[in-house]
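K.L.:
next input, structure requested:
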Amino acid sequence: HVQLVESGGGSVQAGGSLTLSCAGSGRTYFNWCMGWFRQVEGKDREAVATLDYRGRTAYQDSVKGRFTISKDNVLNILYLQMDNLKPEDTAMYYCAADDRYDCSSEALVSNWGQGTQVTVS
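P.N.:
Below is the predicted model:
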């Protein structure tokens with residue numbers, strides 16, 4: 001049973017930093033694709049940063065150079081380090097994982113966390 005639990009969201013001023021964590025349980029996530037998505041009310045969920053099954057990273061253009069995705073394969077924790085945050089980064093952030101090559105779009109992912117809110121003012 002796949003379970004993903006996010007933490008680390010909150011409110012921060014523009015220019016600040018937050019680190020999101022996603023603890024995975026129920027199985028090992030080695031060789032799974034994983035990623036972070038975000039959603040603003042009324043809009044589609046979009047991929048922010050993803051790792052393919054080999055651990056190669058991909059970032060949305062708007063976050064390149066500011067966000068860093070990483071994974072601890074021993075602890076089964078996925079991280080998103082977010083620096084130089086901007087008001088347009090305000091959204092609900094979701095952790096995603098699947099047993100496939102990549103998780104680059106919402107349609108490819110079957111497993112989701114409950115979400116953690118990030119608000120940048």
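
K.L.:
okay, the residue nearest to the spatial centre of the chain: pLDDT?
P.N.:
Closest residue to the average C-alpha location of the chain: residue 36 at 1.8 Å, with CA atoms, centre = their mean. On the pLDDT scale, residue 36 is placed at 98.

K.L.:
what's the closest non-adjacent residue to residue 101?
P.N.:
Spatial nearest neighbour of residue 101, excluding adjacent residues (CB to CB, 6 or more residues apart in numbering): residue 53 at 5.5 Å. From N, CA and C alone the C-beta is placed, and that goes for glycine too.

K.L.:
what's near enough to touch the residue nearest to the centre of the chain?
P.N.:
20, 22, 47-50, 69, 78, 80, 93-96 (CB atoms under 8 Å, 6 or more residues apart in numbering).

K.L.:
could I have the CA atoms of whichever helix or strand it is part of written out in CSV?
P.N.:
Per DSSP states H and E, residue 36 falls inside strand 33-39. Output of strand 33-39 as CSV, limited to C-alpha atoms (Å, rounded to 0.1, in the frame of the first residue of the first chain):
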residue,chain,number,x,y,z
CYS,A,33,9.6,8.0,-10.6
MET,A,34,8.7,10.7,-8.0
GLY,A,35,8.0,14.4,-8.2
TRP,A,36,6.4,17.5,-6.9
PHE,A,37,3.3,19.1,-8.4
ARG,A,38,1.4,22.2,-7.5
GLN,A,39,-2.1,23.4,-8.0
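
K.L.:
I'd like the next helix or strand past it.
P.N.:
strand 46-51.

K.L.:
give me the buried stretch members for the strand holding residue 36, please.
P.N.:
For strand 33-39, the neighbour count (16 or more other CB atoms under 10 Å) marks 33-38 as buried.

K.L.:
about what we covered before: can I get the contacts of residue 36 in JSON lines with neighbour count?
P.N.:
Shown next, in JSON lines, are the contacts of residue 36 (neighbours: other CB atoms under 10 Å):
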{"residue": "20", "neighbour count": "24"}
{"residue": "22", "neighbour count": "26"}
{"residue": "47", "neighbour count": "20"}
{"residue": "48", "neighbour count": "23"}
{"residue": "49", "neighbour count": "24"}
{"residue": "50", "neighbour count": "23"}
{"residue": "69", "neighbour count": "22"}
{"residue": "78", "neighbour count": "27"}
{"residue": "80", "neighbour count": "25"}
{"residue": "93", "neighbour count": "24"}
{"residue": "94", "neighbour count": "23"}
{"residue": "95", "neighbour count": "28"}
{"residue": "96", "neighbour count": "24"}
